[in-house]
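**Q** The sequence and its predicted three-dimensional model are supplied below.
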Amino acid sequence: MNYNLNKKYQDIYNIALPYYKKGREADDLHHLVVAKMMQYLLKEYSDLDQEVMMVAALLHDIGYSKFSKQEKKIHWANKIKKIHMQYGAELAKKVLLKLNFSEEKIKIICEIISVHDNPEFITIAENPAL
Ligand SMILES: [Fe+2]
């Protein structure tokens, strides 16, 4: 897989890098892989807002940066998983305000981040494998 991102998204990746580094081990690579996967998905789902989806992919797990070393060791625990979505949305809002994103896009991106690991939002209709 080619891990190069468009300049616009590479810039956001670079801005988010300090959060990745403070997050879980290999969060820098995780976000890069998810962003690349999103780029491929967006070729199929061209009706989606490419910028919203790419930025959400690049920032979705930055909330882990706010946890202690001990908490990060149990990042899979439900409590931590739940809070990382909320922290991530709060941090993403700050980052996106600095980057002058519109209020509307910030709202949508933060909403995605605030629920991205919540299985309640995956329905049978959306995922026939369930
Ligand atoms: Fe997550």
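**A** Arrived safely, thanks for sending.
**Q** so what does the helix or strand containing residue 108 touch, helix or strand wise?
**A** Per DSSP states H and E, residue 108 falls inside helix 103-115. Packing partners of helix 103-115 (3 or more CB pairs under 8 Å, 6 or more residues apart in numbering; DSSP states H and E): helix 50-59, helix 78-98. Yep, even glycine has a C-beta here, placed from its N, CA and C like the rest.
**Q** Give me whichever of these is most buried.
**A** The highest mean neighbour count among these, using mean count of other CB atoms under 10 Å, belongs to helix 50-59: a mean of 22.
**Q** mind listing what's buried in the helix holding residue 108?
**A** By neighbour count on 16 or more other CB atoms under 10 Å, the buried set for helix 103-115 is 106, 108, 109, 110, 112, 113, 114.
**Q** The spatially most central residue of the chain and residue 70, how far apart?
**A** Central residue of the chain (CA atoms, centre = their mean): residue 60, 1.5 Å from the mean position. Using CB to CB, to the nearest Å, one gets 23 Å for the distance from residue 60 to residue 70.
**Q** swap in residue 43?
**A** 41 Å.
**Q** Please apply the same query to residue 115.
**A** In terms of CB to CB, residue 115 sits 26 Å off from residue 70.
**Q** Same question for residue 23.
**A** Counting by CB to CB, the gap from residue 23 to residue 70 is 14 Å.
**Q** In terms of neighbours, single out the busier of those two.
**A** residue 23 (24 against 7; other CB atoms under 10 Å).
**Q** Work out the gap between the helix or strand of the chain with the lowest mean pLDDT and the centre of the chain.
**A** Sorting the helices and strands of the chain by mean pLDDT, DSSP states H and E puts helix 69-73 at the bottom, at a mean of 93. Relative to the mean C-alpha coordinate of its chain, helix 69-73 is positioned 19 Å out (CA atoms, centre = their mean, to the nearest Å).
**Q** coming back round to it: quick one, what contacts the residue nearest to the centre of the chain?
**A** Residue 60 sits next to 31, 34, 88, 112, 113, 116 when contact means CB atoms under 8 Å, 6 or more residues apart in numbering.
**Q** which pair in those spans the largest distance?
**A** 31 and 112 (14.1 Å; CB to CB).
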